[in-house]
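Colleague: Got a sequence here, can you build the structure:
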Amino acid sequence: MPAVRIEAPAGPVVSVAELREHLRYEPGDNDATLAALEASVVSELEGPGGALGRVILPQRWREEFAEAGLQRLALPDVTEVSLRVIEGATATLVAGPAWGRDARGAWVDLPSLAAYQPGALWRVDYLCALPEERLPAARLLVKLRVGALDMLREGVVVSASPLEMPGGASALIRQLRWRSL
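Modeller: Numbering: from 1, shown residues only. Coordinates of the predicted model:
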């Protein structure tokens with residue numbers, strides 16, 4: 001099963017007030033649009049298939065595995081792991097899975113399923129987030145990308161594609177992108 005987000009971050013990466021200040025808007029101007037652009041940019045950047053290949057703010061993800069042994073998780077920057085065995089409709093918490101991070105990302109070492117019913121699966125729930133020291137760069141990236149989309153929306157930029165990243169944003173993506181992608 002591919003990785004699925006089961007708990008979203010507590011709030012936005014960049015608040016509407018910060019975006020308003022960055023774009024030099026008056027309070028109340030385009031708040032709903034700015035919130036929608038921020039959410040769109042973050043969804044474009046985050047997750048296993050996002051431009052960064054990682055998440056920015058703390059959030060929980062889930063993966064299921066049918067095999068024992070060392071399994072690579074879809075996202076790096078994991079800080080907490082819980083493990084359940086799924087037998088039919090029953091999910092039973094299993095104590096202390098071995099897990100860690102290395103140069104290739106996060107991993108979990110799953111025990112054998114031989115003691116469980118045929119068809120049992122391992123459910124791995126994990127918390128992950130960008131390291132604190134990388135947050136300023138990620139927040140700037142979101143501001144730059146929202147600003148670029150806002151200019152396209154306003155018709156200020158006429159020759160650019162909405163899919164293009166502004167130069168500064170591209171440099172930040174290269175800096176923040178998980179290297180194993």
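
Colleague: what's the span of stretch 89-106 from first residue to last?
Modeller: One end of stretch 89-106 to the other measures 28 Å (CA to CA, to the nearest Å).

Colleague: can you list contacts of that stretch?
Modeller: 72-73, 75-78, 81-85, 107-111, 123-124, 126, 128, 178, 180 (CB atoms under 8 Å, 6 or more residues apart in numbering). The way it works is simple: take the backbone N, C-alpha and C, and place the C-beta from them, glycine included.

Colleague: ok, the helix or strand in which Glu63 is found: who's next to it in the sheet?
Modeller: Assignment of secondary structure by DSSP states H and E places Glu63 within strand 59-65. In the sheet, strand 59-65 lines up against strand 4-7 (antiparallel), strand 121-128 (antiparallel) (DSSP bridges).

Colleague: That one: which residues count as buried?
Modeller: 59-63, 65 (16 or more other CB atoms under 10 Å).

Colleague: Any chance of those residues in JSON lines with pLDDT and distance to Ala115 as columns?
Modeller: Converted to JSON lines, the buried residues of strand 59-65 look like this (pLDDT from 0 to 100; distance: CB to CB, whole Å):
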{"residue": "Gln59", "pLDDT": "98", "distance to Ala115": "32"}
{"residue": "Arg60", "pLDDT": "98", "distance to Ala115": "27"}
{"residue": "Trp61", "pLDDT": "98", "distance to Ala115": "26"}
{"residue": "Arg62", "pLDDT": "98", "distance to Ala115": "22"}
{"residue": "Glu63", "pLDDT": "97", "distance to Ala115": "21"}
{"residue": "Phe65", "pLDDT": "96", "distance to Ala115": "16"}
